[in-house]
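1. coords please:
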Amino acid sequence: MKKILTALSILLIGVSAQAQKVSSYEIDVHFFPKDAQMWGYAVSDDAFMRGNTSIEFSEITADVLTFYLHGELKIDSITSGVNHIEYTSEKVLYENNYSLVGLKTSFNTSSITSGKKLRIHYSGFMNPSRARSLSDYMRINKDDGVYLRANYYSLWFPVFLLPDEDDYEVEFKKITLKLPANFKAVVSGELLEEVSGKKYYTAYWKPGLTKMSDIQCTARKYDVISKENLSIYHISNPEQGETIIDFVEQLKTLFSSNLRNIHNTTPLYIIEMPEYGNISSQNVIGISTDVYDQFEDDLYSKRTIAHELVHPYVSIPIAKNDPFSALITEGFPSFFYLYGLERILSKEDFDLKDYMKRVEKSYIKKKQTGKDRRGNPLPIEKPILKIAFDEIGHYKDLFILPDRASLFLYHLWANMGDQKYDLFLRELFQLDSIDYDKFERLIENYIPNYSNNLNTWLNTTEYPQSLHIKD
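-> Residues are numbered from 1 along each chain as shown. A predicted model of the protein is given here:
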């Protein structure tokens, strides 16, 4: 179904279109989760936003430029200096938006008169959609606030990207968010300043150079607990926030020394989110209220935070069409957060070998039945390196990526031993690219003659007894 949608979206959008990479953004958005009526919109679920985005290109090579926004938004104007640019807009199938509908807007580049800069003004509503999955809760809601993710989810700023193209890094110079008083907003990057008045709250953020998919936006009536470079944005229960801070500091220290050092001077923000809000983007970790409230006495809550925290520490630059994209994007995080828990928790709180035995038992049963533990059909099993980027959502929580990928990475650890495995990980996460030969050579430096096992793990669906966890 996903492949059919991809093909259809390319057909509708037009393969002859040319995307142009943005070099920098400045985004200014005013959200109205409570008082959209002031703009004359009579709606029952207030979800209004008004934004303008300043865009600069390093070069412009196309005669016509095209960008995409969320399907419920509309373009108010496009300007370059004092010049108003004529444009055409239409709604199209665009799978990089959670509703699968995008607003496609095109204009002639000859109208750009102010260097390589333009400003896009837009407005409209962003209501909930269940078009893809429960985790796509993105919306502006009058009771709860603002929950938006960026490219691949909710397009709340203009994205110059065709649906079959890789996300890319852009310099986000500043993002300004304005909301009713008592709200607080979190984007990603560094919070520069907050201004709270009687009617309005304004936050100024500097994400810096980052991928467009890392620019999420959340706004609620938060209270904040901060310690050094870590802030907890919560709705209630400040004592629990202190406990989470201590836990996160232990994991950050471990991941930085044993995996990848991502410069701990960067502020980290943990935000309490609604159901299905366990997400991470750059230096922002979202955890659902259930996870937040149960953290101290619940292993699942610790697992959730560790899983979201580990992503940047196990990231290796990878293109969407690379065979390793699924393994790197979700397979690595699915295991290495467990590595972190094994290192900082006691055996009584978490025993990794016992946990992996349960994973193995579940994996074997899934292979035999083709169903999950609730009896629901699973996607067809395929080799890890055959899972395409746009199939990650089918496998990351259900089958291959949390199960087989974790068993593979645990098998490496069991064969290397603690000391060699730590050395292996330090080398692995210093790589700036990866391919099969490079990965194989690195593994065989620590486990000679492992190539047949590696092929079995990554290029087949076989699970021979020789690879099973030893008692």
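2. going forward, measure contacts between C-alpha atoms and count neighbours the same way
-> Noted.
3. Dump the longest helix seen in the chain to CSV, restricted to CA.
-> When the chain is parsed with DSSP state H, its longest helix is helix 238-258. C-alpha atoms of helix 238-258 as CSV (Å, rounded to 0.1, in the frame of the first residue of the first chain):
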residue,chain,number,x,y,z
PRO,A,238,7.8,18.4,39.8
GLU,A,239,9.4,15.7,42.1
GLN,A,240,9.2,13.2,39.3
GLY,A,241,11.1,15.7,37.1
GLU,A,242,14.0,15.7,39.5
THR,A,243,14.2,11.9,39.3
ILE,A,244,14.2,11.9,35.5
ILE,A,245,17.0,14.5,35.5
ASP,A,246,19.2,12.2,37.6
PHE,A,247,18.5,9.2,35.3
VAL,A,248,19.2,11.2,32.1
GLU,A,249,22.5,12.6,33.4
GLN,A,250,23.7,9.0,34.0
LEU,A,251,22.7,7.9,30.5
LYS,A,252,24.2,11.0,28.8
THR,A,253,27.5,10.4,30.5
LEU,A,254,27.6,6.7,29.5
PHE,A,255,26.5,7.3,25.9
SER,A,256,29.0,10.1,25.4
SER,A,257,31.9,8.1,26.6
ASN,A,258,31.0,4.7,25.2
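4. center of the chain, which residue is that?
-> Central residue of the chain (C-alpha atoms, centre = their mean): S281, 4.8 Å from the mean position.
5. Give me the phi and psi for it.
-> Backbone torsions of S281, given as degrees, to the nearest 10, read phi -150, psi 120.
6. thinking again about what came up before, which strands or helices does the longest helix of the chain pack on?
-> When contacts are defined as 3 or more C-alpha pairs under 8 Å, 6 or more residues apart in numbering; DSSP states H and E, helix 238-258 sits against strand 223-227, strand 230-234, helix 289-293, helix 299-310, helix 332-344, helix 418-428.
7. So what touches the longest one?
-> Applying C-alpha atoms under 8 Å, 6 or more residues apart in numbering, the contact partners of helix 332-344 are 250-251, 254-255, 303, 306-311, 314, 350-352, 401-402, 405-406, 409-410.
8. Do me a favour and average the pLDDT over the helix or strand following the longest helix of the chain.
-> Going down the chain from helix 238-258, the next helix or strand is strand 268-273, by DSSP states H and E. The average pLDDT within strand 268-273 is 90.
9. next one: stretch 419-429
-> The pLDDT scores in stretch 419-429 average 96.
10. List the contacts of that stretch.
-> Contacts with stretch 419-429, where a contact means C-alpha under 8 Å, 6+ apart, come from 258-260, 313-316, 412-413, 442-443, 446.
11. Contacts only, for the nearest residue to E169 once chain neighbours are set aside.
-> Nearest residue to E169, sequence neighbours excluded (C-alpha to C-alpha, 6 or more residues apart in numbering): K211, at 4.0 Å. K211 makes contact with 167-170, according to C-alpha under 8 Å, 6+ apart.
12. D298 too?
-> Per C-alpha under 8 Å, 6+ apart, neighbours of D298: none.
13. go on, the one 4 residues further on?
-> Contacts were defined as C-alpha under 8 Å, 6+ apart; by that measure K302 touches F295.
14. Roughly how far does it sit from L254?
-> As judged by C-alpha to C-alpha, to the nearest Å, K302 and L254 stand 15 Å apart.
15. neighbouring contacts of the strand or helix carrying V195?
-> Using DSSP H and E, V195 maps to strand 190-196. For strand 190-196, contacts defined as C-alpha under 8 Å, 6+ apart pick out 181-182, 201-207, 266-267.
16. and what of stretch 381-390?
-> For stretch 381-390, contacts defined as C-alpha under 8 Å, 6+ apart pick out 2, 320-321, 323-327, 367, 400-401, 405, 457-461.
17. buried subset of these?
-> Neighbour counting with 16 or more other C-alpha atoms under 10 Å marks 320, 323-327, 367, 400-401, 405, 457-458 as buried within those.
18. pLDDT score assigned to A42?
-> On pLDDT, A42 comes in at 45.
19. just K371 next, same as before
-> Residue-level pLDDT assigned to K371 equals 88.
20. Any idea which helix or strand in the chain has the lowest mean pLDDT?
-> Ranked by mean pLDDT, DSSP states H and E, the helix or strand of the chain with the weakest confidence is helix 2-13, at a mean of 40.
21. how much space is there between the residue nearest to E169 and D437?
-> Distance, K211 to D437, using C-alpha to C-alpha: 27 Å.
22. Also G375?
-> With C-alpha to C-alpha as the criterion, G375 and D437 are 39 Å apart.
23. Now Y168: phi and psi?
-> phi -140, psi 170.
24. Excluding chain neighbours, give the residue nearest to it in space.
-> Nearest residue to Y168 in three dimensions, chain neighbours excluded: K211, at 5.2 Å (C-alpha to C-alpha, 6+ apart).
25. Tell me how many other residues crowd D432.
-> Residues lying near D432 (other C-alpha atoms under 10 Å) number 10.
26. what sits against it?
-> D432 is in contact with 316-317, counting by C-alpha under 8 Å, 6+ apart.
27. try the one 4 residues further on
-> With contacts defined as C-alpha under 8 Å, 6+ apart, Y436 has no neighbours.
28. backbone phi and psi for it, please?
-> Per degrees, to the nearest 10, the backbone of Y436 is at phi -60, psi -50.
29. Relative to L458, how far out is it?
-> Distance of Y436 to L458, given as C-alpha to C-alpha: 10 Å.
30. Ok, E348 next?
-> For E348, the distance to L458 - C-alpha to C-alpha - is 33 Å.
31. and what of I384?
-> Applying C-alpha to C-alpha, the value for I384 to L458 is 5 Å.
32. Equivalent analysis for D390, please.
-> To L458, D390 is 18 Å away according to C-alpha to C-alpha.
33. cool, and F332?
-> From F332 over to L458 the distance is 13 Å, taken as C-alpha to C-alpha.
34. which SS state does W457 fall under?
-> Secondary structure, DSSP: H, G, I helix; E, B strand; the rest coil: W457 is helix.
35. Tell me, how many residues neighbour the nearest residue to it once chain neighbours are set aside?
-> The shortest distance from W457 to any non-neighbouring residue, by C-alpha to C-alpha, 6+ apart, is to F408 (6.5 Å). Residues near F408, counting by other C-alpha under 10 Å, number 20.
36. I'd assumed F408 was in a helix, is it?
-> Yes. Applying three-state DSSP, one finds F408 inside a helix.
37. shouldn't it be in contact with T456?
-> No. Contact criterion C-alpha atoms under 8 Å: F408 and T456 do not qualify, at 9.8 Å.
38. quick one: L454 is in a strand?
-> No. L454: not assigned to a strand; according to three-state DSSP it is helix.
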